[in-house]
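*Asks:* Take this sequence and fold it.
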Amino acid sequence: MKGSGVKGKAFCFWGLLFLYLTAFLITPAGAAHFYNEHTHTTCSELSLSTQAEVDCDPESEESEWCEDSEIVEFDYLYTIEPDAGEQSGDCVVVTYTYEGNAAVSFGSVSDQTTAGAWLGGEGSPKTDPARIILHPDTDPEVKFTYGPESASEHGAPINANASGKFTAHIGDKIGIEMGSLSECYAKAPDTSEASSDASLAATLEPCPIPTLNEWGMILFGSLLAAAILWRMRKGNTKPAST
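*Replies:* Next comes the predicted model:
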């Protein structure tokens, strides 16, 4: 009976220690919002968009030729901040949706009439992609990328749609880069038009299942190994014969 009592106490000790460490080291799920580091504004949901449209019609301007271009782009940095009652480090799920359209049209096609529409990122939508980057200033992780893609007289219109999700934590920073560019050129009596637009929406939700953080996994593994070794030593220890 005495031996079973000792075993019971040991079991309770290891069980309580396991529960304590698990409760202490689990990264909890939390509710949060976005804070724009550039505009110093907050929002529970992101809704960003770009739109660039140009129209080249020389005769309407009483000219022999017409040339136009428009670019709309941004590079925003957001911090995931906690809602009331939450704390830094809590787990969140970022869900995003990207949509884009680009097209060109011509009154007639000739060597002297051109147009192009691009969907991409900030800097140059012709060469840089649209991106979502987790903690871009420290250890960048690209979670979403699109483009650059273009529509011209030699290609079909673009209709892009992409969505996804990834895990982050309260206190993390997220960079979003997106841009639209449209250009046209026409010589009378020809005309040309180009348009490109994109939108990106993102929301934050608490993680559905708490997950152990890195230190939690390390200490949990050490605790489990110690428990196994302790049980092995207890099993190999036999009372001395009398």
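
*Asks:* C-alpha only now, for contacts and for neighbours.
*Replies:* OK.

*Asks:* Surely residue 59 touches residue 192?
*Replies:* No - contact criterion Cα atoms under 8 Å: residue 59 and residue 192 do not qualify, at 11.9 Å.

*Asks:* Give me the more crowded residue out of these two.
*Replies:* Ranked by neighbour count (other Cα atoms under 10 Å), residue 59 and residue 192 place residue 192 first, with 27 against 15.

*Asks:* The more buried one touches residue 115, doesn't it?
*Replies:* Yes - if you go by Cα under 8 Å, residue 192 and residue 115 touch, sitting 6.4 Å apart.

*Asks:* Can you pull the residues that touch both of these two?
*Replies:* 104, 105, 184, 185 (Cα atoms under 8 Å, 6 or more residues apart in numbering).

*Asks:* who's in contact with residue 161?
*Replies:* By Cα under 8 Å, 6+ apart, residue 161 lies in contact with 97, 98, 99, 100.

*Asks:* Between those, which sits nearest residue 65?
*Replies:* For the contacts of residue 161, the minimum distance to residue 65 (Cα to Cα) is 29.9 Å, reached by residue 100.

*Asks:* Got phi/psi on that closest one?
*Replies:* phi -150, psi 150 (degrees, to the nearest 10).

*Asks:* contacting residues around it?
*Replies:* By Cα under 8 Å, 6+ apart, the neighbours of residue 100 are 119, 158, 159, 160, 161, 196, 197, 198, 199.

*Asks:* The last one - how many residues pack around it?
*Replies:* A total of 17 residues lie near residue 199 under the criterion other Cα under 10 Å.

*Asks:* Just give the closest residue to it, not the sequence neighbours.
*Replies:* Ranked by Cα to Cα, 6 or more residues apart in numbering and with sequence neighbours excluded, the top spatial neighbour of residue 199 is residue 49, at 4.1 Å.

*Asks:* I'd guessed that neighbour sits against residue 200; true?
*Replies:* Yes - using Cα under 8 Å, residue 49 is in contact with residue 200, at 6.3 Å.
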